[in-house]
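Asks: Give me a model of this one.
(one chain, ligands or ions: 1)
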Amino acid sequence: MSKPVPAPVNPETAPYAAALREGRLLIKVCAACGESHFYPRALCPFCFSDRTEWREASGRGAIYAVSILRAAGAASALAYVTLAEGPRMMTSIVDCDPLALAVDTPVRLVIRPGADGTLAPMFTPMFTSAPAGGGQ
Ligand SMILES: [Zn+2]
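Replies: Prediction:
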């Protein structure tokens, strides 16, 4: 087996990669149109302004769509997660039973090495532990 090759880091995404190593997820917000986006780009994908600024995401989101991958007896979950800040990203849902996942499941950020060995933002469900029947 060959060693994983790290994804190239360029000046445009270096702050993003550095933040992941600190356990933080950065997205970009456009100062011209106010839209936020992910994956971070130098130019706003909505209005093509270069006035994009880094912002730390809350790490909260919800599953927009989920697909279960079954391989050799194991199941894993590939999903689109809509971040609380608005952008939607393709990611993996980890540390859970993939078959228990559903659309709109609230999730929170965890950072793990991806298939290529570099750190990647992934998510895990925020199942509530509220007592049955209790309600607020
Ligand atoms: Zn914009």
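Asks: So Glu53 is in contact with Val29, correct?
Replies: Yes: taking contacts as C-beta atoms under 8 Å, Glu53 lies within contact range of Val29: 5.4 Å. Bear in mind the C-beta positions are built from the backbone N, C-alpha and C, glycine included.
Asks: Which of those two has more residues huddled nearby?
Replies: Ranked by neighbour count (other C-beta atoms under 10 Å), Glu53 and Val29 place Val29 first, with 18 against 10.
Asks: wait, does whichever helix or strand that one is part of make contact with the ion?
Replies: In this assignment (DSSP states H and E), Val29 forms part of strand 26-30. Yes: using C-beta under 5 Å from the ion, we find that strand 26-30 touches the ion at Cys30.
Asks: distance of the residue nearest the centre of the chain from Ala31?
Replies: When C-alpha atoms, centre = their mean is applied to the chain, the residue found nearest the centroid is Pro121 (4.5 Å). Distance of Pro121 to Ala31, given as C-beta to C-beta, to the nearest Å: 23 Å.
Asks: got it, and Ala42?
Replies: Here Ala42 is placed at a distance of 13 Å from Ala31 (C-beta to C-beta).
Asks: Which strands border the helix or strand hosting Leu69, and is each parallel or antiparallel?
Replies: If you go by DSSP H and E, Leu69 is part of strand 60-71. Next to strand 60-71 in the sheet, as set by DSSP bridges, lie strand 74-83 (antiparallel), strand 106-113 (antiparallel).
Asks: Throw those into a markdown table and include mean neighbour count and mean pLDDT, thanks.
Replies: Shown next, in a markdown table, are those (neighbours: other C-beta atoms under 10 Å; pLDDT from 0 to 100):
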| stretch | mean neighbour count | mean pLDDT |
| --- | --- | --- |
| strand 74-83 | 18 | 94 |
| strand 106-113 | 16 | 96 |
